[in-house]
Each structure stands twice: as C-alpha cells, then as structure tokens.
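**Q** The following block contains a protein sequence and its predicted model.
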Amino acid sequence: ELAVHEVNDNGGIDGKKLVLIKEDDGGLVGEGAFFAYRLTRTDMVLGVIGHLDSDISIPASEFYTRAMIPEISPGTTSPYFTEREAVR
C-alpha cells in the first residue's frame with residue numbers, strides 16, 4: 001500500500017494512478033484459480049503479489065504466465081513454483 005501511495009503521489013505511471021486490488025482466496029485452490037483467471041481477463045493488471053501457499057500459487061501461476069503477468073509469492077516454498085518450464 002505504501003508503494004502504491006508513493007507512486008501515485010509522484011504522478012503515477014505515465015500519468016496514470018495505480019489501484020491496489022486485494023483478493024482473498026481463503027486458502028482454497030479453486031478460489032485462487034478463479035481469482036487468477038479473473039485478473040488475467042484484463043490488460044490492466046501489472047503484477048500479482050501472492051498467493052501464500054504452494055498448492056494455490058502453482059495452479060494460479062499458469063494463468064499469470066499465459067497472460068505474461070509477473071507473480072511473486074511471499075509464502076510459496078515449493079521449488080516447482082520457480083523451477084518448472086513455463087507453459088505459454
């Protein structure tokens with residue numbers, strides 16, 4: 001949130017303000033995949049921070065990869081998340 005405020009206070013990116021979208025997958029694979037799918041249906045998403053769990057991050061990352069949206073995860077620990085071949 002602080003980074004979004006700082007960027008917006010300095011004029012945004014190319015004059016456009018950032019909007020932080022928060023979603024809660026509730027620790028459920030189906031919810032995580034649904035949110036990933038929904039976020040990738042627009043060209044307005046610059047990146048994703050989350051999901052917290054490997055079981056959710058891995059299937060969700062398939063949607064983000066196809067949409068070329070970068071994803072970082074503060075809690076995913078499975079090496080498969082970062083070491084597998086990208087699906088396009």
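**A** Nice, I can see it.
**Q** which residue packs closest to residue 69, ignoring adjacent ones?
**A** The shortest distance from residue 69 to any non-neighbouring residue, by CB to CB, 6 or more residues apart in numbering, is to residue 45 (5.5 Å). (C-beta placed from N, C-alpha, C; glycine too.)
**Q** Likewise for residue 17?
**A** Excluding its sequence neighbours, the residue lying closest to residue 17 (CB to CB, 6+ apart) is residue 8, at 4.8 Å.
**Q** swap in residue 24?
**A** Distances taken as CB to CB, 6+ apart put residue 31 closest to residue 24, at 7.9 Å, once the chain neighbours are dropped.
**Q** before we move on, which element is the one you found in?
**A** helix 29-39 (DSSP states H and E).
**Q** What are the contacting residues of that helix?
**A** The contact list for helix 29-39 (CB atoms under 8 Å, 6 or more residues apart in numbering) reads 21, 23-25, 45, 48, 51, 55-57, 59-64, 69.
**Q** What is the subsequent helix or strand relative to it?
**A** Proceeding C-terminally, helix 29-39 gives way to strand 48-49 as the next helix or strand, assigned by DSSP H and E.
**Q** Walk me through which strands that following strand pairs with, and which way each runs.
**A** Counting by DSSP bridges, the strands paired with strand 48-49 are strand 71-72 (parallel).
**Q** sorry, back to before: next one: the helix holding residue 31 to chain centre, how far?
**A** How far helix 29-39 lies from its chain's middle: 10 Å, per CA atoms, centre = their mean, to the nearest Å.
**Q** Quick one: mean pLDDT over it.
**A** Taken as a whole, helix 29-39 has a mean pLDDT of 96.
**Q** Going by neighbour count, which residues in it are buried?
**A** 29, 31, 32, 33, 35, 36, 39 (16 or more other CB atoms under 10 Å).
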